[in-house]
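K.L.:
Below is the structure, and that's it, no one-letter string:
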């Protein structure tokens, strides 16, 4: 999946005193690693165990998922700025509603020798339209004392295992606020402080180790960034699986530690990914060489400590990549590395979780062979709260404020100039965004 919105925070024994969380990743995806262990998000009373249904040949079929509704008031400089696209200067509505949901189907079985096996189907409706449903994750698995092997459309190993700064409700460096933000005419996503690339949910193989002395690790491999073979459609062929227009040979690895020391819980995580840059760029259905992009390298580090209802944590990412979702897109050659840091804190008092986050991300805007262009500099902070109204049912509210300086219009290169930077009110190159939102979420 692209990212976690209301992420599950993995429970570390008895140390993370706050109740278990729900996530936008399947709760209990097979009997493997705790779901959403590397996600940023809010704690909430755990949803009911997915309901078991009668299955064929001794298999168990379980259902789970979530429904979410949110409302927001948005103040965004890009809503009223004169941009490169016709009509961008027209005012947009400040208030909006949002609908979201996923349905998880778990198929589980146990062989005579004790081996566990099955598949996970993750159906999502995430804003493409109010009636469009597609697959997020779709993979099979086998599991034993040696660990778990997943094969199919799934997140990368680093995305599954990384440890992120904690947040509450719709709060975080890449939380729900961006769902209300327009990016037309601008390069990349409105956020830079995201988790490591989830592997684009591409078809891949993932290995997750068992936990030993508090440690576990994982590794994954995807030949390209697509989710399955696609055929050509129409007179002009659409992109296909093997057209070399996505990242290639993506390898992702991660290691994590979770332990309890008295009443204190500790999580430490490190993840990395490497991938070859796209070799081609489709033009009128025919590949054209893309020789200006570097191979991708990305590194992600995170830590959390929790005790007495408090949770404190931080994350840091760096590497040769461009845009949001650390490691998703290749960087033009001769540009400096990208990076971000984020800190977060939460406090749980009964059914209420309160939190705050602050972070900053920077990316090179090029100009190394001409006049230097100022780097993109993205700062985000926010406060939020989550209230557990009933088992699996949560109410949340959050305020997120973003200052985004020097956003490029086109992909930066060594020849970029200041003309490639977007301008907003009064010719400023700083985009200010404020999002006040509230919502309700049912996890089952």
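P.N.:
Everything's here; your move. Given the structure is predicted, the values throughout are model-derived calculations rather than measurements. Numbering: from 1, shown residues only.
K.L.:
Is it correct that residue 302 is in contact with residue 313?
P.N.:
Yes - contact criterion Cβ atoms under 8 Å: residue 302 and residue 313 qualify, at 6.7 Å. For glycine as for every other residue, the C-beta is placed from the backbone atoms N, C-alpha and C.
K.L.:
any common contacting residues for the two?
P.N.:
Applying Cβ atoms under 8 Å, 6 or more residues apart in numbering, one finds that residue 302 and residue 313 are jointly contacted by 163, 164, 165, 267.
K.L.:
Give the phi and psi angles for the first one, as a check.
P.N.:
Just to be clear, that refers to residue 163. The phi and psi values for residue 163, taken as degrees, to the nearest 10, are phi -100, psi 130.
K.L.:
can you count the residues close to it?
P.N.:
Residue 163 has 30 neighbours, counted by other Cβ atoms under 10 Å.
K.L.:
picking up where we left off before, which one of the shared contacts of residue 302 and residue 313 is nearest to residue 213?
P.N.:
When the shared contacts of residue 302 and residue 313 are ranked by distance to residue 213 (Cβ to Cβ), residue 267 comes first, at 14.5 Å.
K.L.:
close enough to count as contact, the closest one and residue 303?
P.N.:
Yes - contact criterion Cβ under 8 Å: residue 267 and residue 303 qualify, at 6.7 Å.
K.L.:
higher neighbour count, those two?
P.N.:
residue 267 (27 against 18).
K.L.:
can you tell me the helix or strand for the more buried one?
P.N.:
strand 264-276 (DSSP states H and E).
K.L.:
and that strand, which residues are buried?
P.N.:
265, 266, 267, 268, 269, 270, 271, 272, 273, 274, 275, 276 (16 or more other Cβ atoms under 10 Å).
K.L.:
excluding its backbone neighbours, what's nearest residue 59?
P.N.:
residue 109 (4.4 Å; Cβ to Cβ, 6 or more residues apart in numbering).
K.L.:
Okay, now the unreliable bits of the protein?
P.N.:
Across the chain, the ranges flagged by pLDDT under 70 are 1-57, 81-90, 126-131, 228-241, 282-291, 368-371.
K.L.:
Give the burial count for residue 319, as a bare number.
P.N.:
Residue neighbour count, defined by other Cβ under 10 Å, stands at 20 for residue 319.
K.L.:
The host helix or strand of the residue nearest to residue 59 pairs with which strands?
P.N.:
Per DSSP H and E: residue 109 is located in strand 95-110. Neighbouring strands of strand 95-110 in its sheet, by DSSP bridges, are strand 60-76 (antiparallel), strand 116-125 (antiparallel).
K.L.:
Deepest-packed of those strands, please.
P.N.:
Highest mean neighbour count among the strands paired with strand 95-110 (mean count of other Cβ atoms under 10 Å): strand 116-125, with a mean of 20.
K.L.:
from the middle of its chain, how far away would that one be?
P.N.:
18 Å (Cα atoms, centre = their mean, to the nearest Å).
K.L.:
Could you do stretch 69-76 as well?
P.N.:
20 Å.
K.L.:
For the spatially closest residue to residue 264 that is not a sequence neighbour, give me the backbone phi and psi.
P.N.:
Nearest non-adjacent residue to residue 264, counting by Cβ to Cβ, 6+ apart: residue 307, 4.4 Å away. Phi and psi for residue 307, reported as degrees, to the nearest 10, are phi -170, psi 140.
K.L.:
Same check on residue 322?
P.N.:
Dihedral pair for residue 322: phi -130, psi 150, per degrees, to the nearest 10.
K.L.:
buried stuff in stretch 184-201?
P.N.:
Quick answer for stretch 184-201 (16+ other Cβ under 10 Å): 186-201.
K.L.:
er, stretch 356-373 actually
P.N.:
Buried-residue list, stretch 356-373, by 16+ other Cβ under 10 Å: 356-368, 373.
K.L.:
and if you look at stretch 386-406?
P.N.:
Applying 16+ other Cβ under 10 Å to stretch 386-406 flags 386-388, 392-406 as buried.
K.L.:
For the residue nearest to residue 264, grab the count of nearby residues.
P.N.:
17.
K.L.:
Just give me the closest of the buried residues of strand 264-276 to residue 154.
P.N.:
Using Cβ to Cβ, those come closest to residue 154 at residue 273, 14.4 Å.
K.L.:
Return the distance of that closest one relative to residue 208.
P.N.:
The span separating residue 273 from residue 208 equals 16 Å under the rule Cβ to Cβ, to the nearest Å.
K.L.:
what does residue 318 give?
P.N.:
25 Å.
K.L.:
Of these two, give the one with the bigger neighbour count.
P.N.:
Counted by other Cβ under 10 Å, residue 318 and residue 208 do not tie: residue 208 has more neighbours, with 24 against 16.
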